[in-house]
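1. Here is the input, now give the coordinates:
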Amino acid sequence: MSGLSLLLNGMLLFVPVAVVLEHANPSGHVWIFIASGLAIIPLAGWMGRSTEEIASYAGEGIGGLLNATFGNAAELIIAVVALNGGLYDVVKASLAGSIIGNVLLVLGVAMLAGGVRFNVQNYNALAARSQAAMLTLAAIALMGMAVFRSQVGTGNAKLDTDLSVAIACVLLAVYALNLCFELITHKQLFVGEGGERKTAPRWSLRRSLLVLAGATVLVAWMSEILVGAIEPTTHSLGLNSIFVGVFVVAILGNAAEHATAVLAAMKNRMDLSLSISIGSSVQIALFVAPLLVLLSHIVGPAPMDLIFRPGLVFSVFFAILITAQVAGNGESDWLKGAQLIAVYLILGLLFFFAPTLPLVPSGSG
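-> Sure thing, here's the model as predicted:
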């Protein structure tokens with residue numbers, strides 16, 4: 001068992017700790033937030049491990065897609081719980097944070113770690129550019145909604161909601177077409193530089209499915225505890241709620257997936273690393289976000305729109321812009337990774353020192 005596996009298994013102790021703190025010390029919101037957040041990390045790791053076993057018969061493309069999908073499951077669960085509580089700012093911030101974190105922090109650390117071990121690493125440039133184009137499409141949708149709001153004002157919530165639903169349906173349709181393109185009609189174009197790599201499963205399919213189901217249930221439980229502690233924790237620590245959503249909740253929800261992408265890069269499997277990091281952002285932008293808009297009509301106290309705060313929109317746009325430039329030529333090195341990490345740190349500092357913003361209890365951005 002590797003050191004990382006031992007660490008993740010040890011962190012499972014935070015699951016009962018979070019439950020005990022919630023019942024024994026319900027006013028200790030900060031400790032509850034920390035314990036439940038740390039508990040999600042190993043659970044997400046087990047979700048990722050079971051997904052890897054299920055996808056062991058597949059190549060890099062499908063394996064990366066499945067890893068990104070179930071890696072985002074924790075993020076989706078956290079968002080649905082926050083959505084149910086009406087914490088729309090937290091939902092939007094965590095969605096933007098997942099996109100930014102995956103393409104800047106995760107990909108940056110992966111390129112840096114892989115570049116230290118290997119002078120230059122190669123990957124499928126076509127796949128990287130295709131994913132970057134999909135992210136650009138999502139950025140156009142977010143910027144379009146922000147411009148629309150600035151032109152018509154805030155007086156017509158129904159118009160905002162109807163337009164958000166229409167754009168969400170378009171994004172979901174494009175995501176489905178993208179999957180069809182990558183996995184069916186043009187799958188030969190997305191084979192990695194090293195070809196398709198298949199590994200023999202170490203778990204039975206039944207065990208993999210049971211672990212995945214159990215970890216998902218526990219993540220949902222911990223997410224409910226985490227979301228309940230977000231608002232009092234931000235008040236207690238004097239933190240900007242948007243900063244917490246973008247840089248804390250998003251990292252906790254995707255920590256184990258981040259580790260998988262970095263370890264893949266250190267094994268010179270950059271196609272898998274990019275498939276997880278950039279592919280995860282594509283899935284958040286084109287599947288999870290529009291899905292949450294539709295789900296808000298069922299589980300939320302009010303419909304959620306796709307109008308994000310201007311700072312979030314521009315952060316997502318510039319993160320996608322530099323990622324497209326850095327990852328578009330099919331080669332990576334440690335300096336490219338450092339550049340992506342630098343942009344992430346700059347954005348983190350800007351959000352950290354921004355004035356404290358209240359949580360918005362409605363669908364408005």
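
2. Could you give the separation between the terminal residues of stretch 292-308?
-> The first residue of stretch 292-308 is 14 Å away from its last residue (CA to CA, to the nearest Å).

3. do the same with stretch 17-36
-> 8 Å.

4. Buried ones in it, by neighbour count?
-> Neighbour counts using 16 or more other CB atoms under 10 Å place 17-19, 21-22, 28-29, 31-36 of stretch 17-36 among the buried residues. Heads up, the C-betas are built off the backbone N, CA and C, glycines and all.

5. Stretch 169-178 too?
-> Neighbour-count burial for stretch 169-178 flags 171-172, 174-175, 178 (criterion: 16+ other CB under 10 Å).

6. what sits up against it?
-> The contact list for stretch 169-178 (CB atoms under 8 Å, 6 or more residues apart in numbering) reads 130, 134, 137-138, 141, 282-283, 285-287, 289-291, 294.

7. And those, which of them are buried?
-> With burial judged by 16+ other CB under 10 Å, the buried subset of the contacts of stretch 169-178 is 130, 134, 137-138, 141, 282-283, 285-287, 289-291.

8. Name the nearest of those relative to Ala74.
-> Each of these was scored against Ala74 by CB to CB, and Gln283 proved nearest at 12.9 Å.

9. which element is that closest one on?
-> Gln283 is part of helix 270-283 when elements are defined by DSSP states H and E.

10. what's the average pLDDT for that helix?
-> Averaging pLDDT along helix 270-283 yields 87.

11. Over to stretch 201-217?
-> The pLDDT scores in stretch 201-217 average 82.

12. can you check stretch 178-198 too?
-> Averaging pLDDT residue by residue across stretch 178-198 gives 71.

13. give the contact list for the closest residue to Met47 other than its chain neighbours.
-> Taking CB to CB, 6 or more residues apart in numbering, and ignoring the residues beside it in sequence, Met47 has Ala215 as its nearest neighbour in space, at 4.5 Å. For Ala215, the set of contacting residues under the criterion of CB under 8 Å, 6+ apart consists of 43-44, 46-47, 50.

14. Now do the helix or strand containing Ala259 and helix 270-283, the angle between them.
-> Applying DSSP H and E as the criterion places Ala259 in helix 250-266. Relative orientation of helix 250-266 with respect to helix 270-283: 160 degrees, computed using axes from the mean of the first three to the mean of the last three CA atoms, to 10 degrees.

15. Could I have the CA atoms of helix 250-266 written out in PDB?
-> Once side chains and other backbone atoms are set aside, the C-alpha atoms of helix 250-266 remain, and they are given as PDB (Å, rounded to 0.1, in the frame of the first residue of the first chain):
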ATOM      1  CA  ALA A 250     -13.900  23.400  -4.700                       C
ATOM      2  CA  ILE A 251     -10.500  22.000  -3.600                       C
ATOM      3  CA  LEU A 252     -12.100  19.800  -0.900                       C
ATOM      4  CA  GLY A 253     -14.600  18.300  -3.400                       C
ATOM      5  CA  ASN A 254     -11.900  17.500  -5.900                       C
ATOM      6  CA  ALA A 255      -8.800  16.800  -3.800                       C
ATOM      7  CA  ALA A 256      -8.600  13.000  -4.500                       C
ATOM      8  CA  GLU A 257      -9.200  13.600  -8.200                       C
ATOM      9  CA  HIS A 258      -6.400  16.200  -8.200                       C
ATOM     10  CA  ALA A 259      -4.000  13.600  -6.700                       C
ATOM     11  CA  THR A 260      -4.900  11.100  -9.500                       C
ATOM     12  CA  ALA A 261      -4.100  13.600 -12.200                       C
ATOM     13  CA  VAL A 262      -0.800  14.500 -10.600                       C
ATOM     14  CA  LEU A 263       0.300  10.900 -10.100                       C
ATOM     15  CA  ALA A 264      -0.600  10.100 -13.700                       C
ATOM     16  CA  ALA A 265       1.700  12.900 -14.800                       C
ATOM     17  CA  MET A 266       4.500  11.600 -12.600                       C
END
